[in-house]
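[1] Predicted structure and sequence below. I'll ask about it afterward.
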Amino acid sequence: AQKVTQAQTEISVVEKEDVTLDCVYETRDTTYYLFWYKQPPSGELVFLIRRNSFDEQNEISGRYSWNFQKSTSSFNFTITASQVVDSAVFFCALSELNEKLTFGTGTRLTIIP
Amino acid sequence: GAGVSQSPSNKVTEKGKDVELRCDPISGHTALYWYRQSLGQGLEFLIYFQGNSAPDKSGLPSDRFSAERTGGSVSTLTIQRTQQEDSAVYLCASRQGLAGVSYEQYFGPGTRLTVT
């Protein structure tokens, strides 16, 4: 069975600090996909990134970066120079070939101005 | 282009009544999913439609829940004889592509269901 663990329930940092959100996953499949979604106060889930299990290359998009390590079953998300607009709940999710998303419990990130 | 839309945005119903929730996926997306988000259970999968294949209903919590997708587009989630534990935000998502590749899913704004 697939499982996603986001051990950090809530994180608060001061604006301009860097922050890393942790995600650890469990799966028996060799082919799987990992995702991060953002849920701002408005409530709508916003897609951020998708990685497949065969691509361990890290990715950077502006102030956002992702570190995928199969050896530790982790897919961590770093925000550099955080801004107040980054405040949201962030979800990590896993999909095997059954294609259902299994979500972690989310990390509520608060950026303090 | 237009995203996933859901209606109504809010629904308050009395315990025991039936409710219907509607989802309009992104045009051209072949797959459609229903999830629900509640404080106690987090985000959980309910049902998945892919093209003309039989839907994956493995996440439906009871036989009071059903869903259909007409013409490969609009979907309706029906909850019969609603219970208070059905109170949650019901989210619809759609994605492009055929079965077997998990492209990203795009979510609608959700329907907040409150059962009194």
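    That came in fine, so what should we check first?

[2] Going by C-alpha atoms from here, please, whenever you check contacts or count neighbours.
    Noted.

[3] secondary structure class for the closest residue to chain A within chain B?
    Residue of chain B nearest chain A, by C-alpha to the nearest C-alpha: B:P109 (4.9 Å). With DSSP: H, G, I helix; E, B strand; the rest coil as the basis, the three-state label of B:P109 is coil.

[4] Mind pulling the model confidence for residue 13?
    Reading this off chain A. Note on A:V13: pLDDT of 97.

[5] try again with chain B
    pLDDT, B:T13: 98.

[6] residues in contact with the residue nearest to it when sequence neighbours are not counted?
    In space, and not counting its chain neighbours, B:T13 is closest to B:V115: 5.0 Å by C-alpha to C-alpha, 6 or more residues apart in numbering or on different chains. By C-alpha atoms under 8 Å, 6 or more residues apart in numbering or on different chains, the contact list for B:V115 reads B:V12, B:T13, B:E14, B:K15, B:T82, B:Q83, B:Q84, B:E85, B:D86, B:S87.

[7] Enumerate every residue touching the residue nearest to B:W34 when sequence neighbours are not counted.
    Among residues not flanking B:W34 along the chain, B:C92 sits closest, at 4.6 Å (C-alpha to C-alpha, 6+ apart). Residues in contact with B:C92 (C-alpha under 8 Å, 6+ apart) are B:V4, B:Q6, B:C23, B:P25, B:L32, B:Y33, B:W34, B:Y35, B:F107, B:G108, B:G110.

[8] Adding secondary structure and neighbour count, write these out as TSV.
    Compiled in TSV, those are given as follows (DSSP: H, G, I helix; E, B strand; the rest coil; neighbours: other C-alpha atoms under 10 Å in any protein chain shown):
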residue	secondary structure	neighbour count
B:V4	coil	21
B:Q6	strand	24
B:C23	strand	26
B:P25	coil	27
B:L32	strand	29
B:Y33	strand	26
B:W34	strand	26
B:Y35	strand	22
B:F107	strand	26
B:G108	coil	24
B:G110	coil	29
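
[9] Show me where the chain has its strands.
    No chain was given, so I picked chain A. Secondary structure of chain A, counting by DSSP state E: strands at A:3-5, A:10-14, A:19-21, A:24-26, A:33-39, A:46-52, A:59-61, A:64-69, A:74-79, A:88-95, A:102-103, A:107-112.

[10] actually chain B
    Secondary structure of chain B (DSSP E): strands located at B:5-7, B:10-13, B:19-24, B:31-38, B:42-50, B:65-69, B:75-79, B:88-95, B:106-107, B:111-115.
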